[in-house]
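J.: I would like to see how this sequence folds:
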Amino acid sequence: MKRRMGVWKRILVCVCAAALLGGAASAVEGTAAASSGVTRGAFIQALYRAHVTNGGAAVESAGNPAPFSDVGVWSQYFEALCWAKGAGIAGGYAGGTFRPEQTITREQAAVMLYRYGKAADRPLQPASSQALEGYADAATIPPWSKEAVEWAVGNGLWYSGSATLLKCSGTVTKDELTALMERLFRSGIYPAFTVVSTVPGLTMTAQESSAKGVTLFLTNQTDKNAFYGEDYSLLRRINGGWYQVSGEMDVTAVAHELLAGQSGTVTVSWGEMPWGGSLSAGTYRVVKSVTLGGEDLTLGADFTVS
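T.: This is a model prediction of the structure:
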């Protein structure tokens with residue numbers, strides 16, 4: 001049974017369009033090592049590839065001198081680091097080294113992204129100390145990275161997996177790198193503080209999930225009728241925390257009634273979104289609002305894209 005409910009407000013959905021990032025995604029393929037650390041060289045290479053894929057100019061590295069003493073023409077990161085040093089994105093260490101095989105910390109990544117954001121004139125918000133309010137370890141940020149961390153957090157470029165700890169010296173993971181590139185070039189990934197309701201007898205599970213969409217199976221074994229619309233939010237799990245990536249869509253929704261003792265399905269397709277892409281590898285959660293006996297609830301269903 002359906003009944004018209006009018007136009008629902010604009011909703012947030014996840015835009016993990018790795019296909020739009022081209023070569024940047026190749027630096028972070030696979031889920032097996034999603035939680036492993038990213039090296040400084042791999043980070044710059046992913047940023048450079050995403051920059052070029054999204055219309056930025058490539059660098060002519062032939063004949064260039066080594067950008068750093070430990071990054072010569074023999075290095076797989078030579079071209080990317082020629083670009084990064086020339087653009088003022090990567091400064092390296094005292095003594096002229098870059099240490100490309102050393103893992104990169106969040107604060108180091110924030111500094112490089114901040115420099116890139118200014119050099120490329122990305123449409124992002126300026127740094128603000130207000131972005132760090134609520135983080136218990138904000139006072140531990142070193143002076144050399146504080147402004148960049150403020151900027152990164154304020155623009156949703158921060159995935160420590162915690163709503164109260166920045167973990168600035170923590171290592172950037174491969175899953176985190178994918179999200180950083182997607183946020184910087186395509187969308188907004190922000191912490192999602194949605195609390196999923198637990199109601200005995202009312203469940204939602206994901207079935208037949210893929211990178212293109214998912215079918216949700218809802219079961220109502222309570223003694224009350226439930227109503228749900230076609231709106232939803234899609235979250236992505238990064239470093240143990242849930243993050244919501246925004247894309248907007250206006251929908252004219254129809255509410256569906258799920259009678260007590262009945263089950264129903266609803267299919268969500270990412271192709272209906274403005275970005276119309278497919279999800280990159282990772283763990284996701286579809287969140288839907290449900291009304292049960294006059295009480296507003298939030299149900300969640302997790303699924304994995306490999």
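J.: what's the residue of the chain positioned farthest from its centre in contact with, if anything?
T.: Most distant residue from the mean C-alpha position of the chain: Asp223, 38.8 Å away (C-alpha atoms, centre = their mean). Listed by C-beta atoms under 8 Å, 6 or more residues apart in numbering, the contact set of Asp223 reads Ala260. Any C-beta I mention is one placed from the backbone N, CA and C, and that applies to glycine too.
J.: again with the one 4 residues further on
T.: By C-beta under 8 Å, 6+ apart, the contact set of Phe227 is 255-258, 290-291.
J.: could you redo the last one with a cut-off of 6 Å?
T.: 255, 257, 291 (C-beta atoms under 6 Å, 6 or more residues apart in numbering).
J.: In the sheet, which strands lie alongside whichever strand or helix holds it, parallel or antiparallel?
T.: If you go by DSSP states H and E, Phe227 is part of strand 226-228. The strands that strand 226-228 pairs with in its sheet are strand 248-258 (antiparallel), strand 282-292 (antiparallel) (by DSSP bridges).
J.: Pull the distance from the last one to the chain's centre.
T.: Right, strand 282-292. How far strand 282-292 lies from its chain's middle: 17 Å, per C-alpha atoms, centre = their mean, to the nearest Å.
J.: what do you get for stretch 91-104?
T.: 27 Å.
J.: all helices for this protein, in order.
T.: 23-26, 40-53, 78-86, 106-119, 143-154, 174-185 (DSSP state H).
J.: by how many degrees do the fourth one and helix 78-86 diverge?
T.: Pointing back at helix 106-119 there. Per axes from the mean of the first three to the mean of the last three C-alpha atoms, to 10 degrees, the angle that helix 106-119 makes with helix 78-86 is 70 degrees.
J.: circling back to that earlier point, weakest of the strands paired with strand 226-228 by average pLDDT?
T.: Among those, strand 248-258 carries the lowest mean pLDDT, at a mean of 63.
J.: circling back: now which of the contacts of Phe227 would you call buried?
T.: Buried residues within the contacts of Phe227, counting neighbours by 16 or more other C-beta atoms under 10 Å: 255, 291.
J.: Go through the contacts of Phe227 and name the one nearest Leu132.
T.: Nearest to Leu132 among these: Thr291, at 37.1 Å, using C-beta to C-beta.
J.: so who does the closest one touch?
T.: Thr291 makes contacts with Phe227, as judged by C-beta under 6 Å, 6+ apart.
J.: in the stretch 201-306 of the chain, which ranges drop under the pLDDT threshold?
T.: 245-254, 271-277 (pLDDT under 70).
J.: Would you check that Gly92 makes contact with Phe98?
T.: Yes - counting by C-beta atoms under 6 Å, Gly92 touches Phe98, with 4.4 Å between them.
J.: shared neighbours, the two?
T.: Phe68.
J.: Looking at those two, which is more packed in?
T.: Neighbour count, other C-beta atoms under 10 Å: between Gly92 and Phe98, Phe98 has more, with 24 against 19.
J.: pretty sure the more buried one is touching Gly91, no?
T.: No - between Phe98 and Gly91 there is no contact, the gap being 8.8 Å when judged by C-beta under 6 Å.
J.: which one among the contacts of Phe227 gets closest to Cys168?
T.: Distances from Cys168 to those, taken by C-beta to C-beta, are shortest for Thr291, at 41.8 Å.
J.: which regions of the stretch 51-200 of the chain sit below the pLDDT cut-off?
T.: For the stretch 51-200 of the chain (pLDDT under 70), the answer is 123, 186-195.
J.: try 50 this time
T.: Along the stretch 51-200 of the chain, the model assigns pLDDT under 50 to residues 188-189.
J.: can you pull up the bridge partners for Phe303?
T.: Tyr284.
J.: Contacts only, for it.
T.: 206, 209, 214, 284.
J.: circling back: quick one: which of the helices of the chain is nearest Trp270?
T.: Nearest to Trp270, of the helices of the chain and by C-beta to C-beta, is helix 174-185 at 13.6 Å.
J.: how near is Phe68 to Glu60?
T.: 18 Å (C-beta to C-beta, to the nearest Å).
J.: Tell me which of these two has more neighbours.
T.: Shown here are Phe68 and Glu60; by other C-beta under 10 Å, Phe68 has more neighbours (23 against 10).
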